[in-house]
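1. Pasting a predicted model and its sequence here:
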Amino acid sequence: MGRRARVGREPPDAAAALEIALRFLGSRPRTEREIVDRLRRASADDEVIETTRERLRELSYIDDEAFAAWWIEQRDRHAPRGRRLLEAELRQRGVPRDVIERLRDEPVERLPEDAALPEDDDQRASTVLAGHLRGRPLPDDPKALQRIGMFLMRRGFDPDTARRAIRAHRSGQPGPD
């Protein structure tokens, strides 16, 4: 049946709730909302949840802005997405709108070893397109190009960015002899 039944269990006290939250944070950073949702699933009451949130903030385990920067960096490294889809993923995880807007206005700081990561949507789209094509040339068929453009749009890129990526990829390819 998957999850263990919580029948007859007492709601967690502050120490147990903190332990639950810390174990939840063990696999990857989390947003404040993700932690609150996890504690609610554990049947913690609101006072215990608030106490746990305060303690996690003191320990610097809750920082939605740091989470958003981490998420964007992970996406750029492993599965690049367009700005629109990145923002939707962050909203889905509970990152507040003002944090997302601040990150949109201020570029994410990169370490020197991260210089190869894409910095803007045009670079992200080119990376996604190159990965999709895997060394194959762009097709000449307008329908096939339209499908590739739709593929990029499903990855969160706007139509203009998709067109620019296709044009840039085409211009970077050697022409027929």
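-> Thanks, I have the structure now. All values derive from a computational prediction rather than experimental measurement.
2. so what pLDDT did the residue lying closest to residue 77 once chain neighbours are set aside get?
-> Excluding the flanking residues, the one nearest residue 77 by Cβ to Cβ, 6 or more residues apart in numbering is residue 117, at 6.1 Å. No exception for glycine: its C-beta is placed from N, CA and C like everyone else's. Listed pLDDT for residue 117 reads 72.
3. Check residue 170 too.
-> 89.
4. pLDDT-wise, which helix or strand of this structure ranks last?
-> Least confident element among the helices and strands of the chain, by mean pLDDT, DSSP states H and E: helix 97-105 (a mean of 88).
5. Look up the closest residue to the residue nearest the centre of the chain, ignoring the ones flanking it.
-> Geometric centre of the chain, nearest residue: residue 71, 4.2 Å, by Cα atoms, centre = their mean. Nearest residue to residue 71 in three dimensions, chain neighbours excluded: residue 90, at 6.2 Å (Cβ to Cβ, 6+ apart).
6. thought the one you found was touching residue 70?
-> No: the criterion here is Cβ atoms under 8 Å, and residue 90 misses it with residue 70 at 10.7 Å.
7. got a list of what the residue nearest to the centre of the chain touches?
-> Residues near residue 71 by Cβ atoms under 8 Å, 6 or more residues apart in numbering: 86, 89-90, 93.
8. Tell me the one among these nearest to residue 35.
-> Using Cβ to Cβ, residue 93 is the member of the contacts of residue 71 that sits closest to residue 35, with 10.9 Å.
9. Let me know whether the closest one touches residue 36 as I believe.
-> No: judged on Cβ under 8 Å, residue 93 makes no contact with residue 36 at a distance of 11.9 Å.
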